[in-house]
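Q: I would like the atomic coordinates for the input below:
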Amino acid sequence: MSTPVNIVENAFDIEKVRSEFPVLDQQVNGKPLVYFDNAATTQKPKVVIEALNDYYEGYNANIHRGIHTLAEKATAAFEASRKAVRNFINAPENEEIIFTYGTTDSINLVASTYGRANISAGDEIIISAMEHHSNIVPWQMLCEEKGAILKIMPINAAGEIIFSEFEKLLSDKTKIVSVVHVSNTLGTINPIKKVITKAHEFGAVVLLDGAQASAHIEIDVQDLDCDFYAFSMHKLYGPTGVGILYGKRTILEKMPPYRGGGEMIKSVTFEKTTYNDIPYKFEAGTPNIADVVATKAAIDYVTALGLENIAAHEADLLQYATEKIKTVQDLKIIGTAANKVGVISFVIEGIHFFDIGMMLDARGVAVRTGHHCTEPLMQVFDIEGTARASFSVYNTKAEVDIFIEGLEKIVKVLK
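A: Purely as a prediction, here's the structure:
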């Protein structure tokens with residue numbers, strides 16, 4: 001099995017890091033791959049891929065129900081990942097970690113269970129103008145069902161929450177505040193601890209969408225004092241189809257189940273069903289076992305690298321890329337927050353973002369184009385969409401140079 005790279009003198013051996021990610025060693029359209037679509041999904045190190053193979057080749061079995069050796073080994077590996085997640089976000093208990101199928105699933109779980117049980121007509125839910133559709137639509141659906149009101153905290157031209165305006169939205173009617181920790185489109189790191197503290201003063205419950213935060217900054221749910229925290233492993237160098245929902249025990253225990261079936265029950269008769277304890281009450285049916293098992297390998301890998309080292313490397317790349325991209329003719333960065341992660345969304349006057357993406361791909365450079373599942377945010381900036389470059393631990397300044405050179409040639413050709 002591959003061994004995670006070690007950090008020497010607080011600096012990455014970048015070639016060693018890159019060698020741990022097999023997908024990077026390829027050409028796209030005859031050019032070396034430059035993968036700058038990390039906000040959509042990160043690539044996977046060998047240790048994660050090997051963990052998947054180890055499960056299927058060595059102890060493929062269902063969990064929690066069998067007493068044979070393979071079942072017990074699979075169950076132990078599954079629960080080891082739960083403990084790894086708990087430690088990664090500093091949750092008080094393993095039981096407060098629920099495995100879902102992604103951040104979207106986690107938010108829907110909260111909206112469909114806590115929301116339906118606690119929201120009534122006239123109640124208010126607050127989100128921000130920079131939310132991903134996954135943190136908009138479930139609350140819209142809940143508000144439509146219950147006759148509640150969805151309020152939007154505004155942002156400024158830099159893509160930062162206007163905190164004073166958020167304070168004005170709060171009232172005794174505010175029951176839920178759900179806000180993104182880090183914007184997938186802008187890269188903005190929101191002042192979530194301030195948001196949580198202020199929301200709690202009004203008795204509101206706070207959910208954080210951490211999909212874009214988990215791979216870049218340290219998460220401590222006890223320090224934040226959030227009520228729910230949701231994120232996805234596929235953005236944290238782990239497998240697709242695995243989501244995490246942290247919730248405070250006192251809240252989770254009062255919430256009704258999300259789905260019915262096996263595992264989430266203690267006893268079933270035709271007359272009555274008794275539900276299981278947390279977290280199993282929310283994990284109906286056979287879960288995504290292999291990918292959850294590989295979750296521990298991803299977290300161990302990130303822990304070995306050190307989030308502080310990852311953040312420093314990405315901040316260096318962001319600064320370098322920002323200065324370089326500012327020299328591109330007629331280019332405008334969308335999202336210039338003082339506190340942000342390695343994301344640059346941009347438009348070039350007179351050139352459609354799809355053309356930018358396609359022409360960069362011809363040079364082997366992968367970026368994301370479109371509205372990034374943040375259509376309301378695009379409306380705030382009065383644009384249809386952007387091109388987005390997002391950086392990760394395995395990216396280099398040499399790749400940034402290739403990216404910038406590509407943009408310059410696109411401008412030359414199309415303008």
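
Q: Quick check: the gap between Asp225 and Gln319.
A: For Asp225, the distance to Gln319 equals 32 Å [C-beta to C-beta, to the nearest Å]. Heads up, the C-betas are built off the backbone N, CA and C, glycines and all.

Q: One more: Ile192?
A: Using C-beta to C-beta, we find Ile192 at a distance of 23 Å from Gln319.

Q: out of those two, which sits in the more crowded spot?
A: Legend: neighbour count by other C-beta atoms under 10 Å for Ile192 and Gln319, higher for Ile192 (23 against 11).

Q: wait, what's in contact with that one?
A: Ile192 sits next to 179, 181, 208, 224, 226 when contact means C-beta atoms under 8 Å, 6 or more residues apart in numbering.

Q: Format those residues as CSV; extra columns: pLDDT and secondary structure.
A: Output for these, formatted as CSV (pLDDT from 0 to 100; DSSP: H, G, I helix; E, B strand; the rest coil):
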residue, pLDDT, secondary structure
Val179, 98, strand
His181, 98, coil
Leu208, 98, strand
Leu224, 98, helix
Cys226, 98, coil
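
Q: nearest to Leu360, of these?
A: Nearest to Leu360 among these is His181, at 28.3 Å by C-beta to C-beta.

Q: quick one: that closest one and Pro191 touch, right?
A: No - look at His181 against Pro191 with C-beta atoms under 8 Å: they stay out of range, at 10.3 Å.

Q: out of these two, which sits in the busier spot?
A: Between His181 and Pro191, counted using other C-beta under 10 Å, His181 has the larger neighbour count: 25 against 16.

Q: End to end on stretch 38-51, go ahead and measure it.
A: One end of stretch 38-51 sits 22 Å from the other (C-alpha to C-alpha, to the nearest Å).

Q: One more: stretch 381-389?
A: Span of stretch 381-389 from end to end, C-alpha to C-alpha: 18 Å.

Q: For it, what is the distance to the chain centroid?
A: In terms of C-alpha atoms, centre = their mean, to the nearest Å, the gap separating the centre of stretch 381-389 from the centre of its chain is 20 Å.

Q: Just the buried positions in it, please.
A: For stretch 381-389, the neighbour count (16 or more other C-beta atoms under 10 Å) marks 381, 385-389 as buried.

Q: can you check stretch 352-360 too?
A: 353, 356-357, 359-360.

Q: And the contacts of it?
A: With contact meaning C-beta under 8 Å, 6+ apart, stretch 352-360 is reached by 347-348, 366-370, 384-387, 403, 406-407, 410, 413-414.

Q: can you give me the strands for the stretch 201-350 of the chain?
A: With DSSP state E, counting those that start in this stretch as the criterion, the stretch 201-350 of the chain has strands at 205-209, 228-232, 243-247, 265-268, 273-275, 331-334, 343-348.

Q: what about the protein, any weak spots by pLDDT?
A: Across the chain, the ranges flagged by pLDDT under 70 are 1-12.

Q: domain assignment for it?
A: Here the domain assignment for the chain is 14-44+306-409, 50-303, based on automatic domain parsing.

Q: chain center to the longest one, what's the gap?
A: When you say that, I think you mean domain 50-303. Chain-centre distance of domain 50-303: 10 Å, with C-alpha atoms, centre = their mean.

Q: tell me how far the ends of that domain are from each other?
A: Chord length of domain 50-303, first to last residue, is 18 Å (C-alpha to C-alpha).

Q: before we move on, what about the shortest one?
A: Domain 14-44+306-409 has its terminal residues 28 Å apart, counting by C-alpha to C-alpha.

Q: For Ile149, which residues are in contact?
A: Each residue near Ile149 by C-beta under 8 Å, 6+ apart is listed here: 122-125, 143, 173.

Q: where along the stretch 1-150 of the chain do the helices fall?
A: For the stretch 1-150 of the chain, the helices defined by DSSP state H, counting those that start in this stretch occupy 14-19, 46-58, 69-89, 103-110, 116-118, 137-146.

Q: just the stretch 201-350 of the chain next, same as before
A: With DSSP H, counting those that start in this stretch as the criterion, the stretch 201-350 of the chain has helices at 221-224, 249-252, 289-305, 307-325.

Q: do you know which of those helices lies nearest Glu79?
A: Between Glu79 and these, the shortest separation by C-beta to C-beta is 9.4 Å, and it involves helix 289-305.

Q: what comes into contact with the closest one?
A: Residues outside helix 289-305 that contact it (C-beta under 8 Å, 6+ apart) are 4-7, 12, 17, 20, 44-45, 47-52, 55-56, 60, 62-63, 74, 77-78, 80-81, 84-85, 88, 99, 215, 233, 236-242, 310, 393.

Q: Please indicate which of those residues are buried?
A: Buried members of the contacts of helix 289-305, scored by 16+ other C-beta under 10 Å, are 4-5, 7, 12, 17, 20, 44-45, 47-49, 51-52, 55, 63, 74, 77-78, 81, 84-85, 88, 99, 215, 233, 236-239, 241-242, 310, 393.

Q: As a markdown table, the strands of the stretch 201-350 of the chain with distance to Lys198 would be great.
A: A markdown table is the format used below for the strands of the stretch 201-350 of the chain (distance: least, C-beta to C-beta, whole Å):
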| stretch | distance to Lys198 |
| --- | --- |
| strand 205-209 | 10 |
| strand 228-232 | 17 |
| strand 243-247 | 20 |
| strand 265-268 | 39 |
| strand 273-275 | 34 |
| strand 331-334 | 27 |
| strand 343-348 | 26 |
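
Q: any chance of these in a markdown table, plus mean neighbour count and distance to Ala148?
A: Output for those, formatted as a markdown table (neighbours: other C-beta atoms under 10 Å; distance: least, C-beta to C-beta, whole Å):
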| stretch | mean neighbour count | distance to Ala148 |
| --- | --- | --- |
| strand 205-209 | 26 | 13 |
| strand 228-232 | 28 | 18 |
| strand 243-247 | 27 | 20 |
| strand 265-268 | 12 | 31 |
| strand 273-275 | 13 | 26 |
| strand 331-334 | 19 | 31 |
| strand 343-348 | 24 | 31 |
